[in-house]
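sequence plus the predicted model coming up.
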Amino acid sequence: MGAHQLEHEQILPRAGWVEHNPLEIWERTSAVIGTVMNAHGLSASDLAALGVTNQRETAVVWNKRTGRPYYNAIVWQDTRTDQIAAALDRDGRGDVIRAKAGLPPATYFSAGKVQWILENVDGVREAAERGDAIFGTTDTWLLWHLTGGVDGGVHVTDVTNASRTMLMNLETLDWDDELLSFFGIPRAMLPEIRPSSDPNRFGVTRAGGPLGGEVPLTADLGDQHAAMVGQVCFAEGEAKNTYGTGNFMLLNTGTSIVRSESGLLTTVCYKFGDEPPVYALEGSIAVTGSAVQWLRDQLGIISGAAQSEALAAQVEDSGGVYFVPAFSGLFAPYWRSDARGVIVGLSRYNTNAHLARATLEAICYQSRDVTEAMATDSGVRLDVLKVDGGVTANRLCMQLQADILGVPVSRPVVAETTALGAAYAAGLAVGFWKNTDELRQNWNESERWQPTWSEERRAEGYAKWKKAVQRTLDWIEVD
């Protein structure tokens, strides 16, 4: 297996704004593909199919004739659309969005970001009305480039990414005109919605691209949905938690659309070809791994993410410190854009090691918030939590997760399950794998952490965490 990765710039123009350069993302994607192909002596003819996975809600608007973005990509963490989201909830449109799209009106999702670009970037509204300005999440932007860009690139997405926009109807799996009207988005801007794994393929890569020839593009999934496939969570009631910049826990609810009463999202889990869509409940947490990056980049108390484990291990507990990293407000299950980060319980006794440990605990407590909400909505209590993503390399954090949840935590041999899931979905579409049973046989456990805390300690810690969360609320005035 070949792997390569490159960072791209995090652009922070002002408090609460988070942007990426779409051209840099395409450039880095091309470089990563080229490096892996060259390192393993591969050509396009060696590849059966290609799958794409991506951060889901990040919004790009570009000119289909020139290929130039009208504005930087507005990232899922960005909160500039808080007034748009608040207005939707005030006048009842939010209830329509919840019913049709399965999502609360929130800064997290794409539609408000597109509305902001249409209203604030000169010429985009006019270009959209002409049909020149088109929108896509990062998968759509990359698929367009991989299939030719201005020279015939396909403008497509899949049901999982579309289900994160506030614009797709969960029952019809199509863009909804009423939802589009709420944001003033012309339908012509939007990509065609396709299955996540598509035997009819999204398109083929072009000869001049980073793959150097034609390869069928047969899969496209948002990252958390790809991780569900990579973790082979194909049965109703199976769940996984992905630890990346944020945390994302999904519970497979089968072909039933389960409406959340507890602050979770109802989303499409995946759709394979002509088979019925499979749905999921999701708890999305904005800041987990990025809280560790904050210790490194903003506070300078660690030199790298791996050092957080060693520093946190210097102390036996957090010394009464709780850190709620609500840098972008609170996502599931609270959905409070007025919240901001707090560190509480400090005394003269505390050190940077206590803060590092409180940061790891914050990752785990936020995940517990979501598991409690899932149990309320679905009646399912986890027997084991499958985990993946970069933070799972932090063994102390995974032990804390088992302790705080009170259930075993299981990490697979291949922790980068988002890429694996995209590969699985691509291979299924062309018959490289026969069925999901064959994929299950590929899954193997690498490590398992058992809970060690007493019930009393677990309950006391969670009660104090809930108290700390209350301290974050009503910090920002949202009209």
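In hand now; what should we look at? Numbers count the residues shown, from 1 in each chain.

quick one: residues contacting the closest residue to residue 74 other than its chain neighbours.
Nearest non-adjacent residue to residue 74, counting by CB to CB, 6 or more residues apart in numbering: residue 113, 4.1 Å away. For the C-beta atoms, the positions are set from N, CA and C on the backbone; glycine is no exception. If you count contacts by CB atoms under 8 Å, 6 or more residues apart in numbering, residue 113 has them with 57, 59, 74, 78, 81.

and the third one, how many neighbours?
When counting by other CB atoms under 10 Å, one arrives at 25 neighbours for residue 74.

when you give positions from now on, start the count at 472
With 472 as the first residue, the last one maps to residue 545.

how about the contacts made by it?
With contact taken as CB under 8 Å, 6+ apart, residue 545 is in contact with 489, 490, 529, 530, 551, 584, 587, 588.

beta partners of it?
Beta-bridge partners recorded for residue 545 (DSSP bridges): residue 490, residue 530.

among the contacts of residue 584, the buried ones, what's the PyMOL command?
To isolate the buried subset of these in PyMOL, counting by 16 or more other CB atoms under 10 Å, use the following:
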select buried, resi 528+530+545+549+552
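
follow-up on the earlier one: report pLDDT for the residue nearest to residue 545.
Per-residue confidence (pLDDT) for residue 584: 98.

look up which helix or strand it falls in, please.
Per DSSP states H and E: residue 584 is located in helix 581-591.

helix or strand: which one has residue 692?
Element membership of residue 692, judged by DSSP H and E, is strand 687-693.

for that strand, what is the average pLDDT?
For strand 687-693, mean pLDDT rounds to 97.

run the chain-centre distance for that strand.
16 Å (CA atoms, centre = their mean, to the nearest Å).

on contacts alone, who are the packing partners of the next helix-or-strand element following it?
Past strand 687-693, further along toward the C-terminus, the next helix or strand under DSSP H and E is helix 694-701. Helices and strands touching helix 694-701, by 3 or more CB pairs under 8 Å, 6 or more residues apart in numbering; DSSP states H and E, are strand 521-525, strand 710-714, strand 718-725, strand 736-741, strand 749-756, helix 888-900.

so, low pLDDT: which residues of the stretch 722-871 of the chain?
Residues of the stretch 722-871 of the chain meeting the criterion pLDDT under 70: none.

relative to residue 837, which of the contacts of residue 545 is nearest.
Nearest to residue 837 among the contacts of residue 545, counting by CB to CB, is residue 489 at 18.7 Å.

tell me how far residue 477 lies from residue 793.
35 Å (CB to CB, to the nearest Å).

compare the two (neighbour count), which wins?
The residue with more neighbours, out of residue 477 and residue 793, is residue 793; 22 against 12, by other CB under 10 Å.

isn't the more buried one up against residue 816?
Yes. The criterion here is CB atoms under 8 Å, and residue 793 meets it with residue 816 at 5.4 Å.

common neighbours of those two, please.
In terms of CB under 8 Å, 6+ apart, residue 793 and residue 816 are both contacted by the residues 935, 939.

run through the helices of the stretch 472-621 of the chain in chain order.
For the stretch 472-621 of the chain, applying DSSP state H, counting those that start in this stretch gives helices covering 493-510, 553-561, 564-572, 581-591, 595-601, 609-617.

so who does residue 778 touch?
Neighbouring residues of residue 778 by CB under 8 Å, 6+ apart: residue 767.

next one: phi and psi at it?
Here is the backbone geometry of residue 778 (degrees, to the nearest 10): phi -70, psi -20.

relative to residue 658, how far out is the closest residue to residue 866 other than its chain neighbours?
Using CB to CB, 6+ apart and skipping residues adjacent in sequence, the residue nearest residue 866 is residue 780, 6.9 Å away. Using CB to CB, residue 780 is found at 49 Å from residue 658.

neighbour-wise, which of those two wins?
Each of residue 780 and residue 658 has its neighbours counted (other CB under 10 Å); residue 780 has more, 19 against 11.

am I right that residue 781 falls within a helix?
Yes. Assessed by DSSP: H, G, I helix; E, B strand; the rest coil, residue 781 belongs to a helix.

now it: how far from residue 790?
Going from residue 781 to residue 790 by CB to CB gives 17 Å.

ok, these two, which is more surrounded?
Neighbours per residue (other CB under 10 Å) separate residue 781 from residue 790, with residue 790 holding more: 17 against 13.

for the more buried one, what are phi and psi?
The phi/psi pair for residue 790 (degrees, to the nearest 10) reads phi 60, psi 30.

and it, what does it touch?
By CB under 8 Å, 6+ apart, the contact set of residue 790 is 816, 818, 820, 821, 822, 825, 828.

which among those residues end up buried?
Neighbour counting by 16+ other CB under 10 Å classes 816, 821, 825, 828 among the contacts of residue 790 as buried.

may I ask which helix or strand encompasses the last one?
Remark: residue 828 resides in helix 823-849, with elements defined by DSSP H and E.

distance between the helix or strand just after that helix and the chain's centre?
Next in sequence after helix 823-849, counting helices and strands by DSSP H and E, comes strand 856-859. How far strand 856-859 lies from its chain's middle: 15 Å, per CA atoms, centre = their mean.

on contacts alone, who are the packing partners of strand 856-859?
Under the contact criterion of 3+ CB pairs under 8 Å, 6+ apart, strand 856-859 touches strand 710-714, helix 866-876, strand 880-883.

try it again at 6 Å.
Applying 3 or more CB pairs under 6 Å, 6 or more residues apart in numbering; DSSP states H and E, we find strand 856-859 packed against strand 710-714, strand 880-883.

quick revisit: could I get the buried residue list for the helix holding residue 584?
The neighbour-count check on helix 581-591 (16+ other CB under 10 Å) flags 581, 582, 583, 584, 585, 586, 587, 588, 589 as buried.

show me what contacts the last one?
Counting by CB atoms under 6 Å, 6 or more residues apart in numbering, residue 589 touches 595, 596.

swap in 10 Å and give it another go.
Neighbour list for residue 589: 532, 541, 595-600, 604, 606, 654-657, 660 [criterion: CB atoms under 10 Å, 6 or more residues apart in numbering].

measure it to residue 729 for me?
To residue 729, residue 589 is 33 Å away according to CB to CB.

now residue 932
For residue 932 relative to residue 729 (CB to CB), the value is 29 Å.

quick one, which of those two is more surrounded?
Per other CB under 10 Å, whichever of residue 932 and residue 729 has more neighbours is residue 932, with 21 against 17.

tally of neighbours for residue 799?
For residue 799, using other CB under 10 Å, the count is 24.

distance from stretch 931-945 to the middle of the chain?
Relative to the mean C-alpha coordinate of its chain, stretch 931-945 is positioned 25 Å out (CA atoms, centre = their mean).

just the C-alphas of it, formatted as CSV.
Below are the C-alpha coordinates for stretch 931-945, written out as CSV (Å, rounded to 0.1, in the frame of the first residue of the first chain):
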residue,chain,number,x,y,z
GLU,A,931,-18.0,12.6,38.8
GLY,A,932,-15.8,13.5,35.8
TYR,A,933,-18.7,13.7,33.4
ALA,A,934,-20.7,15.9,35.8
LYS,A,935,-17.9,18.4,36.0
TRP,A,936,-17.5,18.3,32.2
LYS,A,937,-21.2,19.2,31.8
LYS,A,938,-20.7,22.0,34.3
ALA,A,939,-17.7,23.3,32.3
VAL,A,940,-19.7,23.2,29.0
GLN,A,941,-22.3,25.6,30.7
ARG,A,942,-19.5,28.1,31.2
THR,A,943,-19.0,28.4,27.4
LEU,A,944,-22.5,29.5,26.6
ASP,A,945,-23.8,33.0,25.8
